[in-house]
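Novice: All I have is the shape, not the residue letters:
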């Protein structure tokens, strides 16, 4: 074989990816086994294994214990998005972060909220409305409900200087969550908070987290017009 | 130790995740080494290694060869989005897929497109405008430019019945790409194609793929109002 030796799993992965993208290995094709690839690439079999496992995790290969490894027949690209604390996200853009609490209240939430959070429709929850700023301009509006029976410490927080976004990440454990991305038209109140035109197209992130089957918090983040989430494929 | 034996890396990962979320292991904390964890969990060290590596890949742990493994100080949640062929996405929702070509032309693109694709501003590219349908209702509008010098076979395609979205995935190799998610107000033409009100807030996916430093295709997908991308955290 003339293939040069591959020193690490990343270079093996790159070569495998190249063959898939170049259709040398086509969707559905059985690829050589790990021992043969290790021989061809001049590397350890564990190196090949690490490279193939990462590609399987990414949905590009189908690995079956007995049947071998095939190129995935229905290629699905996976985009990984980093969901950071908003303060960190703003600072990572090289902008100065600001925070402004608009409202904090203990209230009975709308039925859509209590239904999603599976709380008693009559129960009070902690409601926080706050604005995140980048270089003093509105960046994102945070509209959050906190299940204060699960996170009682939150009731002691004024959220005047530290956002609920940041405080909860450090203090409220959760076991899992779901997240949705969508486009929303700015309501009159949203538009006033964000300083944009009513009905502007706003990027929205809705997140609901759970701790062992009980909801912790439900939040909608509405970002100022022009906001983009970018990642590589 | 009273910890029950953990049979597989997923159960080890779940327990490590529980300790991080419960702040038993706090951000910045050095966690026990793999050998000690294997002893505590009653499993092989390779099982612990697999669990920790996956958590490091997810940004929850920082692993240093000599310095050991710490809980990440700046927790960043990672959301993984599946980017499937639109036909598959519609079918996965249990809806029937439809496709309608609106326009196919060879044309000089707007400067913003040729600049992003790094093609000669005077060069012709293949332009495709098409509508994807779910249960006969507009689902997504595809506005795509194809670098036909890189994918000459695309010139032979009418894209009357198979979408460029699907055809390219099967026929045009690419080495990398970037993707952006945003909210866009529907133009008058977008609104007409999608059958929605002008200025509606539309979820947009912009994607640009490259093959060894040369652009392959640039596409904007605009989804009908109400579209959401959901995933778990």
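Specialist: Here it is on my side, so go on. Given the structure is predicted, the values throughout are model-derived calculations rather than measurements.

Novice: that's a helix at residue A:14, yeah?
Specialist: Yes. Under DSSP: H, G, I helix; E, B strand; the rest coil, residue A:14 sits within a helix.

Novice: ok, residue A:79 - how many residues close by?
Specialist: Using other C-beta atoms under 10 Å in any protein chain shown, residue A:79 has 23 other residues around it. In this view, the C-beta of every residue, glycine as well, is placed from N, C-alpha and C.

Novice: Could you check how far it is from residue A:133?
Specialist: Applying C-beta to C-beta, to the nearest Å, the value for residue A:79 to residue A:133 is 28 Å.

Novice: C-terminal to the helix or strand of chain A with the lowest mean pLDDT, what's the next element?
Specialist: Sorting the helices and strands of chain A by mean pLDDT, DSSP states H and E puts strand A:77-83 at the bottom, at a mean of 77. For strand A:77-83, the following helix or strand on the C-terminal side (DSSP states H and E) is helix A:86-92.

Novice: Are there helices or strands packed against that next one, and which ones?
Specialist: On a contact count with 3 or more C-beta pairs under 8 Å, 6 or more residues apart in numbering or on different chains; DSSP states H and E, helix A:86-92 meets strand A:97-107, strand A:125-134, strand A:137-146, helix A:164-171.

Novice: Nearest to chain B, out of these?
Specialist: helix A:164-171 (6.0 Å; C-beta to the nearest C-beta).

Novice: List of residues touching whatever helix or strand comes next after that closest one?
Specialist: Using DSSP H and E, the helix or strand that follows helix A:164-171 in sequence is strand A:176-185. Contact with strand A:176-185 is made by A:83, A:190, A:199-210, A:222, A:229, B:77, B:79, B:181-184, B:200-204, B:225-233, as judged by C-beta atoms under 8 Å, 6 or more residues apart in numbering or on different chains.

Novice: and those, which of them are in strands?
Specialist: A:83, A:201-210, A:222, A:229, B:77, B:79, B:181-184, B:201-204, B:228-232 (DSSP state E).

Novice: Just the pLDDT for the closest residue in space to residue A:103 that isn't next to it in sequence.
Specialist: Using C-beta to C-beta, 6 or more residues apart in numbering or on different chains and skipping the chain neighbours, the partner closest in space to residue A:103 is residue A:129 (4.3 Å). In the predicted model, residue A:129 carries a pLDDT score of 97.

Novice: wait, doesn't residue A:129 sit right on residue A:102?
Specialist: Yes. Contact criterion C-beta atoms under 8 Å: residue A:129 and residue A:102 qualify, at 4.4 Å.

Novice: Can you pull the domain assignment for chain A?
Specialist: The record's domain split for chain A, according to automatic domain parsing, is A:9-71, A:86-223.

Novice: now the ones you listed as CSV including mean neighbour count and distance to residue B:156?
Specialist: Putting these into CSV (neighbours: other C-beta atoms under 10 Å in any protein chain shown; distance: least, C-beta to C-beta, whole Å) gives the following:
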stretch, mean neighbour count, distance to residue B:156
domain A:9-71, 16, 17
domain A:86-223, 17, 36
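
Novice: need the least confident one among the ones you listed, by mean pLDDT.
Specialist: domain A:9-71 (a mean of 85).

Novice: Can you name the residues that contact residue A:68?
Specialist: A:30, A:31, A:33.

Novice: wait, which of those is closest to chain B?
Specialist: Checking those one by one against chain B (C-beta to the nearest C-beta), the nearest turns out to be residue A:31, at 16.3 Å.

Novice: Identify the residues contacting the closest one.
Specialist: Neighbour list for residue A:31: A:16, A:25, A:37, A:61, A:68, A:69, A:70, A:71 [criterion: C-beta under 8 Å, 6+ apart].

Novice: change it to 7 Å
Specialist: Applying C-beta atoms under 7 Å, 6 or more residues apart in numbering or on different chains to residue A:31 gives the contacts A:25, A:69, A:70, A:71.

Novice: For those, work out which two are farthest apart.
Specialist: A:25 and A:69 (9.9 Å; C-beta to C-beta).

Novice: between the domains of chain A, which gets nearest to residue B:41?
Specialist: Among these, domain A:86-223 comes nearest to residue B:41, with 18.8 Å by C-beta to C-beta.

Novice: what's stretch A:200-209 in contact with?
Specialist: Stretch A:200-209 is contacted from outside by A:116, A:174, A:177-186, A:190-191, A:215-223, A:225, A:227, B:182-185, B:201-202, using C-beta under 7 Å, 6+ apart.

Novice: Okay, residue A:223 and residue A:129: tell me how far apart.
Specialist: 15 Å.

Novice: likewise residue A:154?
Specialist: Using C-beta to C-beta, residue A:154 is found at 15 Å from residue A:129.
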